[in-house]
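**Student:** structure for this input, please:
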Amino acid sequence: MSKILMCLFLLCPALSFATASFDPATLTIAVPNVKVGELNVKVRLHYERDLLFKITELSEAETSEQPDIYNIETQVLHISGLVFENRIYELAMKYQDNGFFNLIAIDSVALPLMGSYNSSGHDDQHITFINQTRHKIKFTVNIQDGWDRRDVSKTIHSHEANYVNVDQFERHCKDSNGHKRSFEIKMDIGDTGNYNHHTHRRCGENLYVWYEGNVFHMNDEPHIEADLSGCDKDRSKPAILFAHGYNASQKDFGHMAYLAKKRNWRVFRTSVPQDGSISKRAHRLNAYISKAAKQCNIDEGTLRVAAHSMGGLDVRYIVGENLSSAKYFEKVYTIATPHQGDTLSYFAFAMSDAARDLTPANMRHFNSAYTYSDFTEKNIGFLALLFKCGSHGSSDGVVSYDSQQLTGAPVYPENGGYIKARHTDGVVSALCVDVIEELHSEEVLNKILE
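**Tutor:** Numbers count the residues shown, from 1 in each chain. The predicted model follows:
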């Protein structure tokens, strides 16, 4: 085995993922055939932290002729031909030290296969559910299309939002005449097993549910008073909106919301689809802001925005598309937003529209359409807050330091500085142990409210 370790870098894998769903704690790339001189071995590269993969297993493999793909001079391992969820991937990983490889580049192209994933977006195939109650709700969409009779369910926890993909293969949303079908929605509130609430929705529509006057209410639009921060109408106080990120909710801003209110700020927050596309999330956020502005006396050009992670992209979309709520923004602060994308999203994009949109390949298109000039042209302030877990890391445990910067836009701290914090409680990076969460940092809040 020592001979294998000495010659390991003459690699040529035919790759496969050991796991189809992305979990940073378990993600492993299995390399079944590695050419080391005349010897063939099996290698496993396991995701550890900060885009680092570690060699965790070496064993003999059956003979297989493979070309060399390790560049000895640059110590970069090039991997091509990786097939995952109907896409071909190309990876570049640079050898670091002690068996670690750093993932430095990744790209993919779609395979011309029937039923391949549609990366162009399919928001109009979804029914979106926004739970504005304090109860857990199981939403079940009853689908009946000839021989295909099945239920599609999604459980949405208190003050969270997500969607059900009704029409993944474009068969169910419309009937044979091209008219949109109306689907029965059953709701099990509080996990009782009793579906006492029913309504109907079509693909592309939204269902908000809230509790008021001892009655559960339903509508296509948000009920502002039902969200956690309510509707403070006092114009004499400044107003701030907190926009959450991927796989999160308005609850994540509980600490900042509490401190901002203590400092006499009016606080607004809502939940958008956790793993929805940027477009879907932005339109739900826009609907909330526009309605809250009218009901809660938010004047144009006065609303400060603090947007964490993907929430910053939602806000950029609102500004770039000049949606109705953009005119209310005074200044936008992005908190560890992946403006240049996140390479790890490639490993989850088939299961999530959000992950698909967050790939660096997609973000290159996004950034060509939506730029920093969208803010300057509308006289909206912008500042990207930058984070790392520590001086030896290259990220906040999730989003790389470089990706948190929007081309041409001002950043804080300047000159290569960073705020020491981690992305969320769920960060597994060893460098992020005992580091404060970004949304619990008073330094962050002080900068936003100054």
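**Student:** let me see the backbone angles for residue 201.
**Tutor:** phi -150, psi 160 (degrees, to the nearest 10).
**Student:** distance of the closest residue to residue 197 other than its chain neighbours from residue 228?
**Tutor:** The shortest distance from residue 197 to any non-neighbouring residue, by CB to CB, 6 or more residues apart in numbering, is to residue 187 (4.1 Å). For glycine as for every other residue, the C-beta is placed from the backbone atoms N, C-alpha and C. Distance, residue 187 to residue 228, by CB to CB, to the nearest Å: 21 Å.
**Student:** now do the helices in this structure.
**Tutor:** Here the chain has its helices, by DSSP state H, at 2-6, 254-262, 278-295, 311-320, 353-358, 360-369, 373-377, 442-449.
**Student:** got these as a markdown table, with distance to residue 140 columns?
**Tutor:** Shown next, in a markdown table, are these (distance: least, CB to CB, whole Å):
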| stretch | distance to residue 140 |
| --- | --- |
| helix 2-6 | 53 |
| helix 254-262 | 30 |
| helix 278-295 | 21 |
| helix 311-320 | 28 |
| helix 353-358 | 21 |
| helix 360-369 | 31 |
| helix 373-377 | 40 |
| helix 442-449 | 40 |
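**Student:** format those as a markdown table; extra columns: distance to residue 176, mean pLDDT and mean neighbour count.
**Tutor:** As requested, the helices of the chain are exported to a markdown table (distance: least, CB to CB, whole Å; pLDDT from 0 to 100; neighbours: other CB atoms under 10 Å):
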| stretch | distance to residue 176 | mean pLDDT | mean neighbour count |
| --- | --- | --- | --- |
| helix 2-6 | 61 | 31 | 11 |
| helix 254-262 | 49 | 96 | 16 |
| helix 278-295 | 27 | 97 | 22 |
| helix 311-320 | 35 | 98 | 26 |
| helix 353-358 | 27 | 87 | 25 |
| helix 360-369 | 34 | 88 | 15 |
| helix 373-377 | 43 | 98 | 15 |
| helix 442-449 | 53 | 95 | 17 |
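**Student:** nearest to residue 221, out of those?
**Tutor:** Of all these, the one in closest proximity to residue 221, counting by CB to CB, is helix 278-295 (6.2 Å).
**Student:** who touches the closest one?
**Tutor:** 121, 123, 126, 128, 130, 161, 163, 206, 221-222, 224, 227, 231, 233, 241, 243, 268, 270, 272-273, 276, 298, 303, 310-311, 313-315, 317-318, 321, 323-325, 328, 353-354, 357, 366 (CB atoms under 8 Å, 6 or more residues apart in numbering).
**Student:** any idea of the angle it forms with helix 311-320?
**Tutor:** Per axes from the mean of the first three to the mean of the last three CA atoms, to 10 degrees, the angle that helix 278-295 makes with helix 311-320 is 70 degrees.
**Student:** what's the angle from helix 278-295 to helix 360-369?
**Tutor:** Using the same axes, to 10 degrees: helix 278-295 against helix 360-369 is 50 degrees.
**Student:** which of the contacts of helix 278-295 count as buried?
**Tutor:** 123, 126, 128, 130, 161, 163, 206, 222, 224, 227, 231, 241, 243, 268, 270, 272-273, 276, 298, 303, 310-311, 313-315, 317-318, 321, 323, 325, 328, 353-354, 357, 366 (16 or more other CB atoms under 10 Å).
**Student:** dump the residue contacts of residue 420.
**Tutor:** 387, 388, 389, 390, 435, 436.
**Student:** beta-bridge partners for it, please?
**Tutor:** residue 388 (DSSP bridges).
**Student:** report pLDDT for it.
**Tutor:** Note on residue 420: pLDDT of 94.
**Student:** then the one 5 residues further on?
**Tutor:** Residue-level confidence at residue 425 comes out at 75, pLDDT.
**Student:** for residue 394, same thing?
**Tutor:** Predicted confidence (pLDDT) for residue 394: 84.
**Student:** look up how far residue 133 lies from it.
**Tutor:** Distance from residue 394 to residue 133, by CB to CB: 41 Å.
**Student:** returning to what we had before: buried subset of the contacts of residue 420 as a ChimeraX selection?
**Tutor:** Buried residues among the contacts of residue 420 (16+ other CB under 10 Å), as a ChimeraX selection:
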select :387,388,389,435
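**Student:** distance to residue 179 and pLDDT added to the contacts of residue 420, as a markdown table?
**Tutor:** Formatted as a markdown table, those follow (distance: CB to CB, whole Å; pLDDT from 0 to 100):
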| residue | distance to residue 179 | pLDDT |
| --- | --- | --- |
| 387 | 49 | 95 |
| 388 | 53 | 92 |
| 389 | 53 | 88 |
| 390 | 57 | 82 |
| 435 | 54 | 87 |
| 436 | 53 | 90 |
